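Undergrad: Fold the following for me, if possible:
(one chain, ligands or ions: 1)
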Amino acid sequence: MLNIVLFGPPGAGKGTQSEKLIDKYKLTHLSTGDIFRANIKGQTELGTLAKSYMDKGQLVPDEVTIKMLEAEVNKNPNSNGFIFDGFPRTQAQAEALDKLLASKNTSITLMLALEVEEVELKKRLLLRGKDSGRADDQNPDVIQKRIDVYNSETSPVKDFYTAQGKYKGTNGIGEIEEIFNALCSIINAQNKIFK
Ligand code: AMP
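TA: Coordinates of the predicted model:
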């Protein structure tokens, strides 16, 4: 199995690159943000709870997020592998993911990180807010809060994977195709070892 954590701050291009990667490597895409948004749209109890955090740019509590992610992984028993997009965002989530995958005799192959500086992120998110209709992309205070939460709570997750020798950073600024090719080169090099 090829299990990738696609990592990076909000607006780094994780969603865009995930779409291309799942197509090429035939992986299952699990975006916790997308799943929360689908629950909000479907007016589920989980959606109502998640919205109260998302509207403020805060993280949805670990307990809720981990339970949801585990259920999604369990729905795909025959997958070739997963792209985790927007998960894990805390150390507790990273530990829970390792445990879950170990129970299925598999593990994370790689953490691919898209590196983009803050000014560029803010520009991209405000631009996306105009088209996507995402409330959290339209308010500069919420955008700032999400970047601050990333820096304080999520960024340390890279140390967790660095310690396992799995962290690979790449420049997230440039043409979409160029970034995609850089990600594929990293995956192909690593996947030879993990196959
Ligand atoms: P995203 O679509 O990844 O930018 O996520 C949008 C929002 O959903 C975040 O700002 C959080 O409020 C929430 N969210 C998504 N993934 C997670 C996660 N792994 N842990 C906690 N909250 C999350």
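
Undergrad: which residue ranges form the strands in the chain?
TA: Counting by DSSP state E, the chain has strands at residues 4-7, 28-31, 82-85, 110-115, 167-171.

Undergrad: tell me the mean pLDDT for the longest one?
TA: When pLDDT is averaged over strand 110-115, the result is 97.

Undergrad: That strand - contacts with which helices or strands?
TA: Packing contacts for strand 110-115, counted by 3 or more C-beta pairs under 8 Å, 6 or more residues apart in numbering; DSSP states H and E, involve strand 4-7, helix 157-162, strand 167-171, helix 176-194. Glycine gets a C-beta too; all of them are placed from N, C-alpha and C.

Undergrad: Next one: the first one, is it in contact with the ligand?
TA: No. Contact between strand 4-7 and the ligand, assessed by C-beta under 6 Å from any ligand atom, is absent, since the two come no nearer than 10.2 Å.

Undergrad: So what are the sheet partners of that strand and their directions?
TA: strand 82-85 (parallel), strand 110-115 (parallel) (DSSP bridges).

Undergrad: Packed most tightly, which of the ones you listed would that be?
TA: Most buried of the strands paired with strand 4-7 by mean neighbour count (mean count of other C-beta atoms under 10 Å) is strand 82-85; its value is a mean of 25.

Undergrad: Centre of the chain to it, how far?
TA: Mean-position distance between strand 82-85 and its chain equals 7 Å (C-alpha atoms, centre = their mean, to the nearest Å).

Undergrad: That one and the ligand, are they touching?
TA: No. Strand 82-85 lies out of reach of the ligand by C-beta under 6 Å from any ligand atom, never closer than 6.9 Å.

Undergrad: Put the alpha carbons of that strand into CSV.
TA: Only the C-alpha atoms of strand 82-85 are listed here, as CSV (Å, rounded to 0.1, in the frame of the first residue of the first chain):
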residue,chain,number,x,y,z
PHE,A,82,-4.8,6.6,0.9
ILE,A,83,-4.0,10.2,0.5
PHE,A,84,-4.7,11.9,3.8
ASP,A,85,-5.3,15.6,3.0
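
Undergrad: what does it rub up against?
TA: With contact meaning C-beta atoms under 8 Å, 6 or more residues apart in numbering, strand 82-85 is reached by 1, 3-6, 14-15, 18, 21-22, 27-34, 69, 73, 76, 97.

Undergrad: In ChimeraX, select just the buried ones from those residues.
TA: Buried members of these, defined by 16 or more other C-beta atoms under 10 Å, are picked up in ChimeraX with:
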select :1,3,4,5,6,14,15,18,21,22,27,28,29,30,31,32,33,69,73,97
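
Undergrad: Tell me which residue of the chain lies closest to the ligand.
TA: Residue nearest to the ligand within the chain (C-beta to the nearest ligand atom): residue 33, separated by 2.0 Å.
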